[in-house]
Every structure is written in structure tokens, then in C-alpha cells.
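# Mind folding the following:
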Amino acid sequence: MQIRSILTHAAQALLEGLLIATLVVGLIAGTAFAGKPSGGSPSGSLGASCNPCALSTVATFTGSGLDGTNPRGMVAVTDGSGSTSWAGINVNPDGTTSFVWYMSPKGTYTFKVLQERHNRMTLKAQLSGVVVN
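Numbers count the residues shown, from 1 in each chain. So this is what the prediction gives:
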């Protein structure tokens, strides 16, 4: 009777381990594919209130040609060192947006506006070469 109990317990432990391993693989695979920006040319436009911009100032960015049926978006800001910062932005029903960014440190920046489409982040507008002096 004791052997049967040990075998039952061992089988349950094995199944539990397989379940945990499956969950871990699923989570890793899910995060690997989630939120990847899709390629292509941006359909919208993005402009800045300054270029060049003075160090430690706040610049206003305005965009158009975005998907007005999706009220949310993301801006990815890459500085001259290659570091990228992300922020959420609102999109108006007419497909326009505006947001502000604190311009520091010195360097050349690229701003990319992305929106979700079919569970993927899609590049909607881009502004490269924004200089901070």
C-alpha cells in the first residue's frame, strides 16, 4: 500500500513540474512576440516646436495621420547614445496628437509614434534629427 502512495505522489509531482515548465515556456514565448513594432513606412507626420532645441527646455511635438479610432499610442524617444525612453500618448478622434518632452541631455534624437493594430505596435509617424544643444 505504501508503494502505491509513493508512486501516486511521484506522478503528481512530475505532472506539476511539467505544468510549471509549460507555463514558463508559454510566458517566455508570449513576451518575445508581444508588442514588437512592425515595419513599414509611417503613414503620419510628426513635428517639433524647436530644432535645434535648447538644453533643459520642454519641446512640444504634434502629430497627424494617426488612427483616430485608437485613442492611445506610444512614443519611443531614442537619444544619441542609443538609449530609448517610452511614454504613453493620447490620440484624438481626428488622428492628431500632441505631447511634450524634456530636452536633455545634449545630442540628436529620434521620435517614433506607434499605435497598436492587430495586437502589434505599428509605426505611425517618425521625426529624426532633433538636435539638443
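# who's in contact with residue 62?
Neighbour list for residue 62: 46-47, 96-98 [criterion: C-beta atoms under 8 Å, 6 or more residues apart in numbering]. Backbone N, C-alpha and C define where each C-beta goes, glycine included.
# Filter the residues you listed down to the buried ones and hand me the PyMOL line.
Provided next is the PyMOL selection string for whichever of those are buried by 16 or more other C-beta atoms under 10 Å:
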select buried, resi 46+97
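# Kindly indicate whether residue 10 is helix, strand or coil.
For residue 10, the secondary-structure state derived from DSSP: H, G, I helix; E, B strand; the rest coil is helix.
# following the strand or helix carrying residue 111, which helix or strand comes up?
Per DSSP states H and E: residue 111 is located in strand 107-117. Using DSSP H and E, the helix or strand that follows strand 107-117 towards the C-terminus is strand 120-132.
# ok and that next one relative to strand 107-117, angle-wise?
160 degrees (axes from the mean of the first three to the mean of the last three C-alpha atoms, to 10 degrees).
# pLDDT (mean, whole number) over strand 120-132?
Average pLDDT, strand 120-132: 97.
# Now do the same contact list for the residue nearest to residue 65 when sequence neighbours are not counted.
Excluding the flanking residues, the one nearest residue 65 by C-beta to C-beta, 6 or more residues apart in numbering is residue 44, at 2.9 Å. Residue 44 makes contacts with 63-66, 95, 113, 124-125, as judged by C-beta under 8 Å, 6+ apart.
# Adding distance to residue 82, write those out as JSON lines.
Compiled in JSON lines, the contacts of residue 44 are given as follows (distance: C-beta to C-beta, whole Å):
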{"residue": "63", "distance to residue 82": "23"}
{"residue": "64", "distance to residue 82": "28"}
{"residue": "65", "distance to residue 82": "27"}
{"residue": "66", "distance to residue 82": "26"}
{"residue": "95", "distance to residue 82": "30"}
{"residue": "113", "distance to residue 82": "19"}
{"residue": "124", "distance to residue 82": "22"}
{"residue": "125", "distance to residue 82": "21"}
